[in-house]
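# sequence first, predicted coordinates after that:
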Amino acid sequence: MQLTRKQIMQYLREKHYATANELSRTLNVTPANIRHHLGELKAQDIIEYFGKIPSKGRGRPTGLYRLSNNFIDNNLVQLSATLLNSLLANRSSERTHQMHQIAKKMLGELAINPNLFQRLNEAIKWLNDRHYKSRWEASPTGPRVILGFCPYVPIIESNPEICSLDCELISQLIQLPVIQIEKLEHSPNGSRQCIFISET
């Protein structure tokens with residue numbers, strides 16, 4: 001995660017809320033850059049827009065930002081990262097097996113639908129129930145599953161192996177081998193997304 005975004009998050013932890021202009025002055029970053037970073041953090045559900053304060057002059061009210069409920073201070077991020085580092089401190093082949101087993105436990109007893117179209121729809125529902133903002137689309141090479149949000153943003157940078165967990169989850173949900181072809185890339189609407197494609 002970029003330094004400016006970390007600084008924004010830290011400021012919001014300490015002050016609880018702030019305006020874009022306040023962040024711009026405090027962090028010595030241009031208003032345009034602050035708005036860009038706020039947009040990125042908002043797209044990832046790290047911060048949220050929660051109200052306005054009246055302008056002192058004739059201008060429009062000023063928007064307020066705060067950390068979303070998912071990112072209010074607790075020790076879960078540090079604990080999760082530490083547990084993952086311990087769990088994955090093994091050879092590559094063992095890590096692959098571990099991710100397979102973790103995905104299997106997360107999914108529980110799956111009722112496998114014989115129809116691929118139905119499996120894809122059920123996979124999207126399962127993922128969206130867990131905040132992935134996912135959808136699927138057809139492509140010449142097979143179905144593509146697009147994740148519009150990464151629920152592991154706070155630890156993904158230091159634990160990139162989590163992407164292989166998403167691969168395992170999607171693969172087991174749709175009962176097809178899956179590879180990741182994009183990781184947190186900009187989508188046409190400006191947010192970031194991950195794309196997985198089935199190897200049919």
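That came through, no problem.

# work out for me the element the residue nearest to residue 68 when sequence neighbours are not counted sits within.
Nearest-residue entry for residue 68: residue 48, 4.6 Å, with adjacent residues in sequence omitted and distances by CB to CB, 6 or more residues apart in numbering. Just so you know, the C-beta spots here come from the backbone N, C-alpha and C atoms, and that holds for glycine as well. Per DSSP states H and E: residue 48 is located in strand 47-53.

# got the contact list for that strand?
Under the criterion CB atoms under 8 Å, 6 or more residues apart in numbering, residues 8-9, 12, 17, 19, 38, 41-42, 61-68, 71 lie in contact with strand 47-53.

# top strand in this structure by residue count?
The strand that spans the most residues within the chain, counting by DSSP state E, is strand 178-186.

# partners of it, with directions?
strand 192-198 (antiparallel) (DSSP bridges).

# give me the contact list for stretch 111-124.
By CB under 8 Å, 6+ apart, the surrounding residues in contact with stretch 111-124 are 134, 135, 136, 143, 145, 170, 173, 174, 175, 176.

# any idea how far the residue sitting nearest the centre point of the chain lies from residue 166?
Closest residue to the average C-alpha location of the chain: residue 150 at 1.6 Å, with CA atoms, centre = their mean. With distances taken as CB to CB, to the nearest Å, residue 150 is found 8 Å from residue 166.

# which residues do the two both contact?
Shared contacts of residue 150 and residue 166 (CB under 8 Å, 6+ apart): residue 194.

# rewinding a little: show me which residues of whichever helix or strand comes after the strand holding residue 48 are buried.
Counting by DSSP H and E, the next helix or strand C-terminal to strand 47-53 is strand 62-67. In terms of neighbour count (16 or more other CB atoms under 10 Å), strand 62-67 has its buried residues at 64, 65, 66, 67.
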